[in-house]
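In: All I have is the shape, not the residue letters:
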DNA sequence: TATTGTTATACTCTATAACTATA
DNA sequence: TATAGTTATAGAGTATAACAATA
């Protein structure tokens, strides 16, 4: 970190990039904000050995015991072939279980193991803290407004 | 499209996935909104043979004549090796030119060709329209608020 | 005939190491 | 010594086709 009393390298005029046009676009701003939050998300979830999608899967299974792979795919926008390895890995780690679906012989109902419940609860607590930190420049009211407007875009 | 008068397949209770927890997270909402806008962006930019990054590069070069690859990388969060092919392709299409940098012999200043200026102007017009369409459920005021809050997150 | 879960595979995007030429 | 641009390559993420078992 540079001390305030030290001379700083002043960028020349040609070093300053004018991105004011891109900043008028909702898509550009949504993508940049999204990436900046997800960056923090990935850092803190690495402690649990979870990627962003792993967390989403774990959390959805926690709140929807018996959910199928198909339902996870539809909810998260992941294609079935790309969920197979992910589910298998969580299974191998002893975090989730695949049980035969009660009414559909083709499907498997997903459930958290006790270890999975523990990890998910911890991860969700971390997520709650992280969310505040990653959007620290927002007031609580602004954060609620932001979420409401974002949902209005994609709902 | 199903007519409103036709009987619809009513999903059973087990089909309804509870994602209310994920919806409390700014990151989840930012990512979903971001993807829904970028989806429309990609569709409409395909007409010009441009991907999202191509558009950003073209627009930044338009508003910053003589900008270097390095500056583009820093502004867009793209790694230098991944920009090389992209720039080369735009060059081959006759949309941009690489001229020797006036003060740094290692760098190349990027400039739009007349064809590039034309395409960029059209694409920016399309982007402006698309933005409104992709966020049609927002009022103009809400759209401005959304952009302000998103910038507060990543700035 | 349609759907769930799966395998295999291809394509795109992103990341790392190392080189060259210039600063 | 450090930086701009480049090459080659590896890894992650995302896509389609096709199959077995079940609806």
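Out: In hand now; what should we look at? Because the structure is a prediction, the values reported are computed rather than measured.
In: which residue does chain A bring closest to DNA strand D?
Out: residue A:105 (2.4 Å; Cβ to the nearest atom of the strand). C-beta coordinates here come from the backbone N, C-alpha and C atoms, glycine included.
In: can you map out the helices along chain A?
Out: With helices called from DSSP state H, chain A shows them at A:26-45, A:52-63, A:69-76, A:80-92, A:114-134, A:140-154.
In: The longest one near chain B anywhere?
Out: Yes. Helix A:114-134 comes into contact with chain B (Cβ under 8 Å from any Cβ of the partner chain), by way of A:124, A:127, A:131, A:134.
In: The second one contacts residue A:42, correct?
Out: No. Between residue A:127 and residue A:42 there is no contact, the gap being 11.7 Å when judged by Cβ atoms under 8 Å.
In: So these two - more neighbours on which side?
Out: residue A:127 (21 against 13; other Cβ atoms under 10 Å in any protein chain shown).
In: which residues does that one contact?
Out: With contact set as Cβ atoms under 8 Å, 6 or more residues apart in numbering or on different chains, residue A:127 has these partners: A:41, A:44-45, A:55, B:25, B:27.
In: ok, the spatially most central residue of chain A - contacts?
Out: By Cα atoms, centre = their mean, chain A has its centre lying nearest to residue A:52, at 4.3 Å. Residues in contact with residue A:52 (Cβ under 8 Å, 6+ apart) are A:38, A:41-42, A:45, B:27.
In: Swap in 6 Å and give it another go.
Out: With contact taken as Cβ atoms under 6 Å, 6 or more residues apart in numbering or on different chains, residue A:52 is in contact with residue A:41.
In: ok, now how distant is residue A:29 from DNA strand C?
Out: 16 Å (Cβ to the nearest atom of the strand, to the nearest Å).
In: In this structure that residue contacts residue B:147, no?
Out: Yes. Residue A:29 sits in contact with residue B:147 when judged by Cβ atoms under 6 Å, with a separation of 5.2 Å.
In: Looking at the two, which is more packed in?
Out: It is residue A:29, of residue A:29 and residue B:147, that has more neighbours when counted by other Cβ under 10 Å, with 24 against 21.
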